[in-house]
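S.K.: quick one: sequence plus predicted model below, questions after.
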Number of protein chains: 2
Amino acid sequence: MLSKKTKYGLKALTFIARTGSDVPVQVGEIAKSEQIPQKFLESILLTLRKSGILGSKKGKHGGYYLRKDPSEILMTEVMRVLEGPIAMVQCVSLNFYEKCDDCPDEHLCSVNKLMIQVRDSTLEVFKNTTLKDLSLR
Amino acid sequence: MLSKKTKYGLKALTFIARTGSDVPVQVGEIAKSEQIPQKFLESILLTLRKSGILGSKKGKHGGYYLRKDPSEILMTEVMRVLEGPIAMVQCVSLNFYEKCDDCPDEHLCSVNKLMIQVRDSTLEVFKNTTLKDLSLR
DNA sequence: GCAATTCCTACTAAATCGATAGGATTAATA
DNA sequence: TATTAATCCTATCGATTTAGTAGGAATTGC
């Protein structure tokens, strides 16, 4: 299941992209419009800023803005920041690989085999979807 | 992330399929070979039996066996039994649909749009993979 | 009757999730 | 320069889920 963090994060990014401007958008505005607990959203946007997807401006009239054009923000990047590994098992993860402690040989493992396929097909979707695609109504 | 339950369940099913016979396989044998805590595995195989994927024989020389040929056991079925919904959000699930409480209109929701694609591509993998495929080395 | 197996219920420790609380820091503006 | 409004940061917390464990009842083969 998708975490609320990721869900809220995607909605917030979409909201910002849909404004179509470079003027910073405030957390409160997004929280109200998307029905997201404001404090929770704050921490999510902070994560997105630290990862470089969002930029921020502090103080009065501050807020968050996209650091790239929506058409250049891939879902692979967003999902990895918000949700973590895209693969369903670590032994199949491209960016977060770790050997299974129980599995003696990955190449004989049926779970490994299946999850590679799932990873690749999911990756295909994320690689071909940008924030611009999400923001189109 | 895939739960251990699902991981162990898939490994156990593969193990049983690989025996290639109708003689019941004992939990202890699978647990030992696949390095799975026996009591935990017991409960998993019980779930698979209740769902109709496995059959069982009690008492001495008892154990678990497949109720269908491995080539007829689809991953869609196995995954739904072990892991639950295939979709990453309920509002996109075919078998476990539920409306999001926060989302006023699914058709305008960017998360919905993205997760439908992920669901379909994952489903495509599961629909085209059988236990037989997994059991081939 | 005994041994070996599945079946069933209940419990538990640890981790994760979904927040909330409280304030520090920064920037615009009057 | 004081005020206000925003982000930034750390810490905490209750609820839920996960990954088992414990103990024994029921069933079957010999």
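M.R.: Received it, and whenever you're ready, just let me know what you need.

S.K.: CA only for contacts and neighbour counts going forward, please
M.R.: Will do.

S.K.: sec struct for the residue of chain A found nearest DNA strand C, please.
M.R.: The minimum distance from chain A to DNA strand C, using Cα to the nearest atom of the strand, falls at A:G59 (3.4 Å). Assigned with DSSP: H, G, I helix; E, B strand; the rest coil, A:G59 falls in the coil class.

S.K.: so for the residue sitting furthest away from the middle of chain A, what's the pLDDT?
M.R.: For chain A, the residue at maximal distance from the C-alpha centroid (Cα atoms, centre = their mean) is A:P104, at 32.8 Å. A:P104 is assigned 86 on the pLDDT scale.

S.K.: got any ranges where chain A has weak pLDDT?
M.R.: Along chain A, no part satisfies pLDDT under 70.

S.K.: ok, 90 please
M.R.: Along chain A, segments meeting pLDDT under 90 span A:100-104, A:137.

S.K.: which bits of it sit near DNA strand C?
M.R.: Residues of chain A found near DNA strand C (Cα under 7 Å from any atom of the strand) are A:3-5, A:37-40, A:57-61.

S.K.: filter those residues down to the buried ones.
M.R.: Neighbour-count burial within those applies to A:K5; the criterion is 16 or more other Cα atoms under 10 Å in any protein chain shown.

S.K.: residues touching the helix ranked longest in chain A, excluding its own?
M.R.: Counting by DSSP state H, the longest helix found in chain A is helix A:110-127. Helix A:110-127 is touched from outside by A:74-76, A:86-89, A:91-93, A:106-107, B:7, B:10-11, B:14, B:117-118, B:121-122, B:125, B:134-135, with contacts defined as Cα atoms under 8 Å, 6 or more residues apart in numbering or on different chains.

S.K.: who does the helix or strand harbouring A:S56 touch, helix- and strand-wise?
M.R.: In the assignment (DSSP states H and E), A:S56 maps to strand A:54-57. The helices and strands touching strand A:54-57, judged by 3 or more Cα pairs under 8 Å, 6 or more residues apart in numbering or on different chains; DSSP states H and E, are helix A:38-50, strand A:63-66.

S.K.: kind regards, and thank you for your time.
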